[in-house]
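1. I'd like to go over a predicted model; first the sequence, then the structure.
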Amino acid sequence: MGEPLAEIDTDKATMEMQALSEGVLRKILVQEGESAPLGQLIAVVGTPDEDISSLLSEAPAKAAPAEKQPEPAAQPASRTPAAAPETNGRQQAPQESSQSGRMIVSPLAARMAAEAGVDLKSLQGSGPGGRIIKRDIEAAMSQSKAAPGGTFPRSVEPLKFQQAQVATASPYRDEPSSEIRRVIARRLVTSLGPVPHFFLTSEIEMDRAAEMRRGINALDPDLKISINDIIIKVVAVALVQHPAVNASFQDKFIRYYEHADIGVAVAIEDGLITPVVRAADQKSLSQIAGEVRELAERAKTRKLKPEEYTGATFSVSNLGMFGIDEFTAIINPPESGILAVGAMTPKPVVRNDEVVVKQMMRVTMSCDHRVIDGATGAKFLQTVKKMLENPLYLVV
Amino acid sequence: MATITIREALNQAIREELARDERVFLMGEEVAAYNGAYKVTKGLLDEFGPKRVIDTPITELGFAGLGVGAAMVGLRPIVEFITFNFSILATDQIVNSAAKMLYMSGGQYNIPIVFRGPGGSAYQVSSQHSQAIESWFAYFPGLKVVMPSTPADAKGLLKSAIRDDDPVIFIEQERMYGNKGEVPDDPDFTIPLGVADIKREGTDVTIVARSLMVPIALKAADKLQEQGVSCEVIDPRTIRPLDIDTIIESVKKTNRVVLAEESHPVCGINAEISAAIMERAMDFLDAPVKRVSGIDVPMPYAKNLEDLVVPDVDRVIAAVREVAYLD
């Protein structure tokens, strides 16, 4: 009694759940990292020799107990898909709405949910006896336009992606999305479409980077390192230092990539394509320069293979050569971010209380807010700025 | 187009077909000298004479059998029952002779006969003379069953029924003879059997109604429109063969169905349509199919009770609101 049993991650807070009765933990039904709707049996506490088999057999779909878990905070309209406070299944009074605990769904609603990838368990039916009907699915779909066409295609996409990329794409690890991550995702897409963008802009002093470029190219004119190559390298290194940005939102989990595969936006006739520099964080500037040049060349003649222009973890788009000072770029899903690079121009700036002229460049990062929060993105951008202003970081 | 009553439309159809094909003849109780118990056959004796328009004794089984025999030897009889309540006496000839002759003769004898007359709820004629028995006939393979709800449908369908080579049960609603509507003047205007008509298009709920229930469903749809519910009203017009495709298509669009009929609920046409919807459009249903039928009792004589038995606009509205989850 009173002993902590689990930590429950709701959309608002993480709460400790304490045992409400004496006994030992006999069975854990919902594993760490999994989510459960309000009222679902998540574990069984009992005496060591108690027969819990009947409890377990009716467990999975058990309805919510009669008394409702007080919602932790304001926002009265939102439901809290958190685990129930009850751990002792014997105390669960059957709720009259979904009598046997069986979910009641109209055939149409069931089909719509399957097609749209809507999780019926997360819904509260508005029909008689709690029946889930068409309008409930429509409401859920308009709420979570998370993935185009719902979550079903989403679970398929990454699979294809993996298959196409086995040889070259970055390895990754998937971690279950936390409840708060999922709520943020659900809420943001209702206002901004499937990938809720936000933007961070930074002005970067590029004198040292430009100097480094000149120095390297002086060593060997054939190297033809561009400022953009340096930006790609810096972004890649920064991404590995900020794994939270080198990630992809996959609804139920977030995929963290080991390497930074950088998509480089290349303008081609009537379009745009983003060939990918694989593991740019591990490649030298000359390798990156050579690869970008070669990929861009083939991009313009449309000779790229699909695996050469898909599956980046982050992208860089540079319109500096068109004299654009700054712009915002659109994220290429399932990536989580793209860096829009403006032109490098001499500008008066204040250094040590004196006005001096420096090569300034403005970059704007578009972030997928489902994965990246403002501070996360800002810290990443800070690293990018620091490294571009002091490119020696690349060699230390 | 002329605006005429269902009674006049039926009269036109019979007259035109009598004139068009000399094998067609009409017989029944009071059809000739009395001009028909409901005046559907008015003037036909004068125009076509006693060989084509024949009064019979009160012997339903007898003259129904006479008709089947005439059809076997190449004539095209129209047999009128004063009401379909009396067809009950003739059911042996209808279901055992007319319906089965083509099959049992190995295709040698087709029976081009129409059994027609009023049916369904009448006004205060009590249990034996006020009932809808179409599902009896629709049960048997070999019969076609038609139930028009407008003057145009009545004329177009009756002409098709008379020209059809199989036995057709043609049930006119007793309360609807005086209903008016526009009917095309073209003497060759016909409506094919087995084709439903969408009487009103809508998006939220499909109401399948026939005969007396069609105007009631349309009134209900008007009122529901004011409540923000868009109803599609489908009149199958022919009960057998049933144009289930049109109904299924509508259900796929609206996802909700109300079936309205004045007959008893048990083993009725609504039950059949409901099963077909379940078999073919289960995954499109957002609510159980709702049936509105006559109350499951013999028709009372008392006016107040009779009004309670026959489905009305309010019952249809309540059913629609139920399947649309509005209450």
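-> Thanks, I have it.
2. element containing A:S317?
-> Element membership of A:S317, judged by DSSP states H and E, is strand A:314-318.
3. other SSEs contacting that strand?
-> If contacts are counted by 3 or more Cβ pairs under 8 Å, 6 or more residues apart in numbering or on different chains; DSSP states H and E, strand A:314-318 sits against helix A:227-241, strand A:262-264, strand A:337-351. Backbone N, C-alpha and C define where each C-beta goes, glycine included.
4. contacts for it, please.
-> With Cβ atoms under 8 Å, 6 or more residues apart in numbering or on different chains as the contact definition, strand A:314-318 has outside contacts at A:228, A:231-232, A:235-236, A:239, A:245-246, A:260-265, A:274, A:329, A:331-332, A:335-341.
5. rewinding a little: most packed of the helices and strands packed on strand A:314-318?
-> Scoring the helices and strands packed on strand A:314-318 by mean neighbour count under mean count of other Cβ atoms under 10 Å in any protein chain shown gives strand A:262-264 as the most buried, with a mean of 26.
6. so which other helices or strands are in contact with that strand?
-> Contact partners of strand A:262-264 among helices and strands, from 3+ Cβ pairs under 8 Å, 6+ apart: helix A:227-241, strand A:276-277, helix A:285-300, strand A:314-318.
7. domain-wise, how is chain A divided?
-> Taking automatic domain parsing as the domain assignment, the ranges for chain A are A:1-94, A:103-143, A:158-394.
8. in three-state terms, label the residue in the stretch 251-396 of chain A positioned nearest to chain B for me.
-> Scanning the stretch 251-396 of chain A for the residue nearest chain B gives A:D251, at 25.2 Å (criterion: Cβ to the nearest Cβ). Remark: A:D251 carries the secondary structure label coil [criterion: DSSP: H, G, I helix; E, B strand; the rest coil].
9. and it, how many residues sit next to it?
-> A:D251 is surrounded by 20 other residues when neighbours are defined as other Cβ atoms under 10 Å in any protein chain shown.
10. what does B:M1 give?
-> Quick note: B:M1 (other Cβ under 10 Å) scores 11 neighbours.
11. isn't it right up against B:D186?
-> No. Taking Cβ atoms under 8 Å as the definition, B:M1 is not a contact partner of B:D186, at 9.5 Å.
12. pull up the per-residue confidence for the residue nearest the centre of chain A.
-> Centroid-nearest residue in chain A: A:F249, 2.7 Å away (criterion: Cα atoms, centre = their mean). A:F249 carries a pLDDT score of 89 in this model.
13. could you name the specific helix or strand carrying the residue lying closest to it once chain neighbours are set aside?
-> Taking Cβ to Cβ, 6 or more residues apart in numbering or on different chains, and ignoring the residues beside it in sequence, A:F249 has A:R370 as its nearest neighbour in space, at 4.2 Å. Using DSSP H and E, A:R370 sits within no helix or strand.
14. residues contacting A:R370?
-> The neighbours of A:R370, taking Cβ under 8 Å, 6+ apart as the test, are A:A146, A:R181, A:I184, A:A185, A:L188, A:V189, A:V195, A:P196, A:F249, A:S336.
15. how near is the second one to A:L38?
-> Translated: A:R181. Taking Cβ to Cβ, to the nearest Å as the measure, A:R181 falls 19 Å from A:L38.
16. just A:A279 next, same as before
-> If you go by Cβ to Cβ, the gap between A:A279 and A:L38 works out to 44 Å.
17. and for B:V289?
-> Counting by Cβ to Cβ, the gap from B:V289 to A:L38 is 33 Å.
18. one more: A:L192?
-> For A:L192, the distance to A:L38 equals 28 Å [Cβ to Cβ].
19. out of these two, which sits in the busier spot?
-> A:L38 (20 against 13).
20. so what touches stretch A:118-128?
-> Everything outside stretch A:118-128 that qualifies as a contact, by Cβ under 8 Å, 6+ apart, is A:37, A:79, A:81, A:103-106, A:109-110, A:112-113, A:130-133, A:135-137, A:140-141, A:144, A:150-151, B:287, B:325.
21. quick one, helices of the stretch 1-150 of chain A?
-> Read by DSSP state H, counting those that start in this stretch, the stretch 1-150 of chain A holds these helices, from start to end of the chain: A:53-57, A:107-116, A:134-143.
22. comparing these, which gets the lowest mean pLDDT score?
-> Comparing the helices of the stretch 1-150 of chain A on mean pLDDT, the least confident stretch is helix A:53-57, scoring a mean of 76.
23. what residues are up against the residue of the stretch 51-200 of chain B found nearest chain A?
-> For the stretch 51-200 of chain B, the residue closest to chain A is B:I198, as judged by Cβ to the nearest Cβ, at 21.2 Å. Contacts were defined as Cβ under 8 Å, 6+ apart; by that measure B:I198 touches B:E232, B:V233, B:I234, B:D235, B:T246, B:S250.
24. and A:K385, by the same measure?
-> A:S202, A:I204.
25. what's the distance between it and A:M212?
-> Applying Cβ to Cβ, one obtains 15 Å for the distance of A:K385 from A:M212.
26. ok, back up a step: can you lay out the helices and strands packed on strand A:314-318 as a markdown table showing mean pLDDT and distance to A:S170?
-> Output for these, formatted as a markdown table (pLDDT from 0 to 100; distance: least, Cβ to Cβ, whole Å):
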| stretch | mean pLDDT | distance to A:S170 |
| --- | --- | --- |
| helix A:227-241 | 94 | 10 |
| strand A:262-264 | 93 | 10 |
| strand A:337-351 | 93 | 15 |
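27. thanks a lot, catch you later.
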